[in-house]
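Q: A predicted structure for the sequence below; I have some questions about it.
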Amino acid sequence: MPLGAHIPVQDYDNAANDTNQQWLASKGITLTNYYGTGHPSQPNYVAAASGDNYGMDNDNFHDIPANVSTIADLLNTKGISWGEYQEHMPFPGFQGYNFSNQVTYANDYMRKHNPLVSFDSISSNDTALRLIKNFTTFYNDLDNHVLPQWAFITPNMTNDAHDTNITFGSQWLRGFVSELMNNTYFWDNTLLLLTFDETETYGVPSREEYAERNRVFSVLLGGAVPEHLVGTEDDTVYTHYSTIATASANWGLPSLGRWDCGANIIQFVADKVGYTNWDVDNTHLFVNVSLPGPLSEADYSQYRPTWPIPATNASCSAGYGVLPAVVDAYQGQEPTYNYTSPFPYDAPYGLNVGTSYSRNGTTYVSGVNATGVIGDDSLSNSTSSSASASSSAVFTGAAVPEMRAAGGASVAAAGLVALFGL
């Protein structure tokens with residue numbers, strides 16, 4: 001996924017009732033059951049980049065080990081160009097925690113909204129690091145027709161509605177997208193996903209309100225959207241992991257073997273590649289808490305000292321297996337979770353257990369007749385500062401990713417752009 005624009009922390013109804021968001025929705029497909037993957041912001045960006053958030057329940061400065069693979073690794077397998085555009089980041093590859101407005105000293109660029117910079121496989125690679133740029137470079141690349149095929153775009157803390165409100169952020173977003181609509185180089189054959197990282201309401205699993213389940217307002221736009229679907233709604237259940245699965249299906253790429261493996265693919269792309277999505281009963285689906293992991297501070301999730309082991313031999317959504325580097329690193333080890341599920345769940349933790357999903361006449365119930373986590377791995381409410389992946393995996397990010405035509409594959413979108421807001 002990254003296909004679009006990411007706006008931060010807004011509850012679904014607040015965004016859906018905004019007139020500018022409604023105008024944008026009228027130009028594309030509204031995804032009515034699209035979910036974030038945790039709280040606060042950063043876990044969602046990391047999830048969209050790598051298929052997991054590793055228990056992250058904070059916006060701390062993280063350096064995720066270089067043997068944890070990302071979507072960049074997948075794109076690199078076929079030479080699909082990629083990049084990020086972070087508004088008001090001071091220079092390409094900037095690794096600082098934040099960069100304030102130099103006139104007003106207000107919050108501006110924040111590392112927590114930059115998905116790929118948190119991964120050592122990117123930050124320790126000068127070539128990859130230079131692909132994380134600012135908006136000045138975005139407009140230069142746009143004018144020179146050298147945008148990457150996959151892109152992730154994040155507005156600053158004012159324009160993304162984080163430090164302002166949904167009205168301000170939506171006005172900015174409409175202006176930003178309207179300009180791109182009139183640019184045939186950008187718009188034609190591009191799929192743009194406008195989405196939020198998380199809801200403003202955190203909630204608890206015992207509550208059933210949609211806002212507390214992390215359902216975020218999301219819209220698909222661009223020339224790749226079939227004309228007969230413009231102005232329609234899609235009620236398929238998606239998560240940020242679906243953006244990775246959709247990119248894999250679009251370009252014929254392998255999976256990371258994590259939660260992207262079973263994630264539903266954007267429906268019209270799934271139709272084009274002949275994939276049948278899962279029908280998820282989301283009555284009690286709650287994707288508001290990270291599963292246990294080593295990056296937890298026990299604020300919204302539980303600490304587990306070991307890094308989750310990905311699947312290596314699963315038949316994943318896109319149908320192209322698992323990234324060879326992941327297979328080489330983890331072959332013979334049991335995956336931590338049932339990564340073929342279309343949503344994350346943890347049986348011992350009791351998160352999203354009992355949710356049914358079905359297709360082709362077969363129904364599974366998470367944690368019942370679908371395998372959950374392999375073991376409890378000593379869940380704890382205490383944290384440890386030693387966060388290092390247990391096995392060497394691989395080399396190799398939420399705002400506007402963009403995909404442009406790649407040779408060889410029958411693509412639904414030549415360009416994929418994700419625009420994330422807070």
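A: Great, that's in hand. Residues are numbered from 1 along each chain as shown.
Q: quick one, longest helix in the protein?
A: helix 166-181 (DSSP state H).
Q: Report the distance from the helix or strand just after that helix to the chain centre.
A: Sequence-wise, the next helix or strand downstream of helix 166-181 (DSSP states H and E) is helix 184-187. From the chain centre to the centre of helix 184-187 is a distance of 23 Å (Cα atoms, centre = their mean, to the nearest Å).
Q: Please apply the same query to stretch 232-242.
A: For stretch 232-242, the distance to the chain centre is 12 Å (Cα atoms, centre = their mean).
Q: Share the number of residues neighbouring the nearest residue to P324 once chain neighbours are set aside, please.
A: Residue nearest to P324 in three dimensions, not counting chain neighbours: P254, with 7.3 Å by Cβ to Cβ, 6 or more residues apart in numbering. All C-beta spots, glycine's among them, are computed from the backbone N, C-alpha and C. Neighbour count of P254, defined by other Cβ atoms under 10 Å: 24.
Q: can you pull the contacts of P254?
A: L74, T77, S248, C316, A318, Y320, G321, V322, L323, P324 (Cβ atoms under 8 Å, 6 or more residues apart in numbering).
Q: Switch these over to CSV; also include distance to A128, neighbour count and pLDDT.
A: Formatted as CSV, the contacts of P254 follow (distance: Cβ to Cβ, whole Å; neighbours: other Cβ atoms under 10 Å; pLDDT from 0 to 100):
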residue, distance to A128, neighbour count, pLDDT
L74, 13, 26, 98
T77, 14, 17, 98
S248, 19, 28, 98
C316, 24, 23, 95
A318, 23, 27, 91
Y320, 22, 17, 96
G321, 24, 18, 96
V322, 21, 24, 98
L323, 16, 25, 98
P324, 19, 13, 98
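Q: Among those residues, which ones are in helices?
A: L74, S248, P324.
Q: Name the helix or strand of the chain that has the lowest mean pLDDT.
A: With mean pLDDT, DSSP states H and E as the measure, the helix or strand of the chain carrying the lowest mean pLDDT is strand 4-7 (a mean of 44).
Q: which parts of stretch 47-63 are buried?
A: 47-59, 62 (16 or more other Cβ atoms under 10 Å).
Q: One more: stretch 262-272?
A: G262, A263, N264, I265, I266, Q267, F268, V269, A270, K272.
Q: how about those residues in CSV, adding secondary structure and pLDDT?
A: Listed next are these as CSV, based on DSSP: H, G, I helix; E, B strand; the rest coil; pLDDT from 0 to 100:
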residue, secondary structure, pLDDT
G262, coil, 98
A263, coil, 98
N264, coil, 98
I265, coil, 98
I266, coil, 98
Q267, helix, 98
F268, helix, 98
V269, helix, 97
A270, helix, 97
K272, helix, 96
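Q: Kindly indicate which of the residues you listed lies nearest T312.
A: Lowest distance from T312 to the buried residues of stretch 262-272 (Cβ to Cβ) belongs to G262, with 14.3 Å.
Q: my read: the closest one touches Y339, true?
A: Yes: G262 is within contact range of Y339, at 5.9 Å (criterion: Cβ atoms under 8 Å).
Q: shared neighbours, these two?
A: Common neighbours of G262 and Y339 (Cβ under 8 Å, 6+ apart) are A314, C316.
Q: Would you check how far apart the residue of the chain positioned farthest from its centre and H88 are?
A: Most distant residue from the mean C-alpha position of the chain: V103, 32.3 Å away (Cα atoms, centre = their mean). To H88, V103 is 11 Å away according to Cβ to Cβ, to the nearest Å.
Q: got a list of what L221 touches?
A: Contacts of L221 were listed using Cβ under 8 Å, 6+ apart, and they are G4, L24, K27, G28, V177, M181, L191, L192, L193, L194.
Q: Then D163?
A: A106, N107, M157 are the contacts of D163 under Cβ under 8 Å, 6+ apart.
Q: Tell me how far the residue nearest the centre of the chain lies from H113.
A: Of all residues in the chain, the one closest to the mean position by Cα atoms, centre = their mean is A48, 2.2 Å from it. Distance, A48 to H113, by Cβ to Cβ: 11 Å.
Q: Check A270 too.
A: 29 Å.
Q: on that earlier part again, using CSV, lay out the contacts of D163 together with distance to H240, secondary structure and neighbour count.
A: Output for those, formatted as CSV (distance: Cβ to Cβ, whole Å; DSSP: H, G, I helix; E, B strand; the rest coil; neighbours: other Cβ atoms under 10 Å):
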residue, distance to H240, secondary structure, neighbour count
A106, 27, coil, 12
N107, 23, coil, 16
M157, 20, coil, 23
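Q: Redo those as TSV? Include distance to V146 and pLDDT.
A: Listed next are the contacts of D163 as TSV, based on distance: Cβ to Cβ, whole Å; pLDDT from 0 to 100:
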residue	distance to V146	pLDDT
A106	32	77
N107	30	78
M157	28	82
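Q: quick revisit: ok, the residue nearest to the centre of the chain to A318 distance?
A: From A48 to A318 the distance is 16 Å (Cβ to Cβ).
Q: what's the answer for A224, then?
A: In terms of Cβ to Cβ, A224 sits 17 Å off from A318.
Q: residue contacts, S248?
A: L74, P254, S255, D260, C316, S317, A318, Y320.
Q: wait, N264
A: T236, V237, Y238, S242, A245, A270, N277, W278, V280, S317, P342.
Q: Same question for A412.
A: So A412 contacts L191, A224, N250, F268, V269, K272, V273 (Cβ under 8 Å, 6+ apart).
Q: would you turn those residues into a markdown table with distance to N140?
A: Output for the contacts of A412, formatted as a markdown table (distance: Cβ to Cβ, whole Å):
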| residue | distance to N140 |
| --- | --- |
| L191 | 23 |
| A224 | 24 |
| N250 | 26 |
| F268 | 32 |
| V269 | 30 |
| K272 | 32 |
| V273 | 34 |
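Q: ok, so of those residues, who is nearest V353?
A: V269 (29.5 Å).
Q: The residue nearest to that closest one when sequence neighbours are not counted and Y303, how far apart?
A: Among residues not flanking V269 along the chain, A412 sits closest, at 4.4 Å (Cβ to Cβ, 6+ apart). Applying Cβ to Cβ, the value for A412 to Y303 is 40 Å.
Q: try G231
A: 46 Å.
Q: Check D234 too.
A: From D234 to Y303 the distance is 36 Å (Cβ to Cβ).
Q: which of those two has more neighbours?
A: Taking other Cβ under 10 Å, D234 and Y303 do not tie; Y303 has more neighbours (20 against 17).
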